[in-house]
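**Q** Below is the sequence, then the predicted model.
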Amino acid sequence: MADPRAAVVLVTDYGADDSYAGSLVGALWSADANARWAIGTHGVPPGDVLAGAYHVKALARSFPAGAVICAVVDPGVGTDRRAIAIEADGMRLVAPDNGLCTWLWEEAGERRCVAVPVPPEASPTFAGRDLFAPIAARLAAGAALEDCGPRIDDPVLLPAAFPRRVGTALYARVCVVDRFGNAITTARLGDLAGARPVAASWNGGGTRRVARTYGDIGGGLALVAGSAGHFEIAARGVAAATRGGPGAGESVRITLGPG
Amino acid sequence: MADPRAAVVLVTDYGADDSYAGSLVGALWSADANARWAIGTHGVPPGDVLAGAYHVKALARSFPAGAVICAVVDPGVGTDRRAIAIEADGMRLVAPDNGLCTWLWEEAGERRCVAVPVPPEASPTFAGRDLFAPIAARLAAGAALEDCGPRIDDPVLLPAAFPRRVGTALYARVCVVDRFGNAITTARLGDLAGARPVAASWNGGGTRRVARTYGDIGGGLALVAGSAGHFEIAARGVAAATRGGPGAGESVRITLGPG
Amino acid sequence: MADPRAAVVLVTDYGADDSYAGSLVGALWSADANARWAIGTHGVPPGDVLAGAYHVKALARSFPAGAVICAVVDPGVGTDRRAIAIEADGMRLVAPDNGLCTWLWEEAGERRCVAVPVPPEASPTFAGRDLFAPIAARLAAGAALEDCGPRIDDPVLLPAAFPRRVGTALYARVCVVDRFGNAITTARLGDLAGARPVAASWNGGGTRRVARTYGDIGGGLALVAGSAGHFEIAARGVAAATRGGPGAGESVRITLGPG
């Protein structure tokens, strides 16, 4: 078997209980009968662009170069927000221009962005089906980024995605609480700049434990470097919140020591 | 790559937390190692045939002709309800004969239906795996509808699917409340017959606003023509119910004005 | 189309709302661009190995021989629990060695097991992506079981999976409550040894009805042989619990009569 299609990876806040997610696949199939796709996740909290940006980044780390992430968390559907397509270190992304690309874009060495025009016949309420999926299918089938629209250089980025360093403190926030109750923060291994995390605190709680795996945590909470390179507050076998951990959106301060 | 298989699109009320949905795919794969399928949705509320019929219709609008929707919302599994296969304007459907085909059948120009016999070895509790999926795989691999059973002309349709027009009022009901809280009704653009919707009301509430997109709604509720051509009661950025909108199953009266 | 890849069937407790499940697919794709996979389920309750073992078995009954189930319910991730790969009557399984293989292994005639070494570069928190999925992809692409590690003969089995027979009583437990509220037990048709079930009881309830289909149950509860050959306590059209049925993890005593 030669030359399989590149993957289209779907990331949305559509949930699994409606047919919107299935209709995205229908649009891929209509655009390219040989399309191949994977569900990245349809479980982004409705309208939560920061969480969507995290999942875009996490998925980009596991798929091979050439994959096309089709991300639709789009509270501005039907307004005049732009649509964009990006190539970042060999990974592609098609999305509304609202910050979904933030980490993928900011962490890439080689990157290009184009603005994708909206087809006049698109439904004003379902851009995923009528705009984003067809473009993703075209890219996966071999189209060049520049075939999809004119170059732009300023995709929208989310300021909330970037931790702030003040002395020995790194101020971050919880961007995702995962199914196991781990509170994943915006703070990344790359934000340490040679330092070493020694503690974390948040409104009403904190921990001085840093663990390599969930199994090492023991009975309380610990700071763990998760599988996408972001620090998370985790407990062992239960949700961090049940041990006093921070909730979605809350601020977390990570204290740094010498590296 | 030539001649890919037609899509089998799965629509069930199995949910995502058991292995029933996965077993459907196993049955497809056992029937045809080259089967290709998509999850339409497994999130139909248990036993809700009207919601299932809506999702069948919505998915039929996004997949290319030739696709085979395999819909299993089947409160009568193990009883003597018929099983059917349909071809409607080039789209196929395999389903229990309980009304899942209602909109697909009623809105089609060219349509045919056959009764599908139940294999004697089928589990009395899992017709999806043992009856519907194998037939869907056969159709997607090229079998003709008439190879699957004898022609019939009277598939079961759901009376609740069809709005009733009385003077300037169109009486409909909410068939699906989607993840974003939009209350999707049974009233379709095609039910307007040249008129124009000017207001909607329901038990305890109403709106005189008609909007083209969610972004246009502003602070209250509006009537919007959704992506499958059904009118919905929607709010901007929150569930319609939080602004007093109607719940699943509730009646909605749409007032019509001159077109 | 010749020689399609064997199926990789994913069974996890990752849920659908994060990107862990999608990252598993990315890992498959990275290991083999021609990989073909199906979602078995991502809805195993977090850490519930017995429920995972049930879904592994149920899925093995619907996929064709050669399929590779990649099961990751792994409360011991990051500890020194072993990883294993199994071949059982032609079906393959890759999983942590914690009992997920219990029924698949115990019910097989021909079976072999190997211990799979952990790659040194694997994330300590995400063995599904970095260990189990790549091995599953290799097996599905044609690797032999013995290529994946040294033979072992003692995979971990779950004692709780096996009912205990005492005279005319078969003591089992509820391993899964499915979406429809059926309470699926560990008692199997094969545990009857020629006898016939005549009643079931549990803490606070019981039934003397044994039904072939859900439609036959009528107004109360009945014992039904489900689609994977396990007995379940079921009601018609509602969750068994609403009629006083047993909950997840509860003990159920099945009374046997002459066959």
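**A** Cool, the structure landed. All figures in this text were calculated on a predicted structure; none of them were measured in a lab.
**Q** Mind listing what's buried along stretch A:200-212?
**A** A:200-202, A:205-207, A:210-211 (16 or more other CB atoms under 10 Å in any protein chain shown). Yep, even glycine has a C-beta here, placed from its N, CA and C like the rest.
**Q** That stretch near chain C anywhere?
**A** Yes. Remark: stretch A:200-212 sits within contact range of chain C at A:Arg212, by CB under 8 Å from any CB of the partner chain.
**Q** Name the residues that touch that stretch?
**A** With CB atoms under 8 Å, 6 or more residues apart in numbering or on different chains as the test, stretch A:200-212 has contacts from A:197-199, A:217-218, A:220-225, A:231, A:233-234, A:244-246, A:250-255, C:78, C:124.
**Q** A:Ser123 against B:Ser227, yeah?
**A** Yes. The criterion here is CB atoms under 8 Å, and A:Ser123 meets it with B:Ser227 at 4.6 Å.
**Q** Between these two, which is the more surrounded one?
**A** Comparing A:Ser123 with B:Ser227 by other CB atoms under 10 Å in any protein chain shown, the one with more neighbours is B:Ser227, at 23 against 19.
**Q** ok, which stretches of chain A are helices?
**A** Using DSSP state H, the helices of chain A run over A:20-31, A:49-60, A:102-106, A:127, A:133-140.
**Q** now the second one, how far from the centre of its chain.
**A** In other words, helix A:49-60. Mean-position distance between helix A:49-60 and its chain equals 1 Å (CA atoms, centre = their mean, to the nearest Å).
**Q** what's the angle from that helix to helix C:20-31?
**A** Interaxial angle, helix A:49-60 versus helix C:20-31 (axes from the mean of the first three to the mean of the last three CA atoms, to 10 degrees): 30 degrees.
**Q** neighbours of the closest residue to A:Asp17 other than its chain neighbours, just the number please.
**A** With CB to CB, 6 or more residues apart in numbering or on different chains as the measure, B:Gly43 is the residue that lies nearest to A:Asp17, at 2.9 Å, once sequence neighbours are left out. Neighbour count of B:Gly43, defined by other CB under 10 Å: 25.
**Q** rewinding a little: anything in contact with each of A:Ser123 and B:Ser227?
**A** A:Arg129.
**Q** For the helices of chain A, which has the smallest mean pLDDT value?
**A** Of all the helices of chain A, mean pLDDT reaches its minimum on helix A:127 (a mean of 92).
**Q** From the contact counts, what lies against that helix?
**A** Here helix A:127 touches no other helix or strand, going by 3 or more CB pairs under 8 Å, 6 or more residues apart in numbering or on different chains; DSSP states H and E.
**Q** And for that helix, what's in contact with it?
**A** So helix A:127 is in contact with A:72, A:74, A:77-78, A:83, A:96, A:118, going by CB under 8 Å, 6+ apart.
**Q** can you narrow the residues you listed to ones near chain B?
**A** A:77-78.
**Q** What about the contacts of helix A:127, which one has the most neighbours?
**A** A:Val72 leads those on contacts (other CB under 10 Å) with 29 neighbours.
**Q** Need the pLDDT of it.
**A** Reported pLDDT for A:Val72: 97.
**Q** State the distance from it to C:Ser251.
**A** From A:Val72 over to C:Ser251 the distance is 47 Å, taken as CB to CB, to the nearest Å.
**Q** Please tell me I have it right and A:Asp18 contacts B:Val176.
**A** Yes. Taking contacts as CB under 8 Å, A:Asp18 lies within contact range of B:Val176: 7.1 Å.
**Q** Mind listing the shared neighbours of the two?
**A** What both A:Asp18 and B:Val176 touch, as defined by CB under 8 Å, 6+ apart, is the set B:His55.
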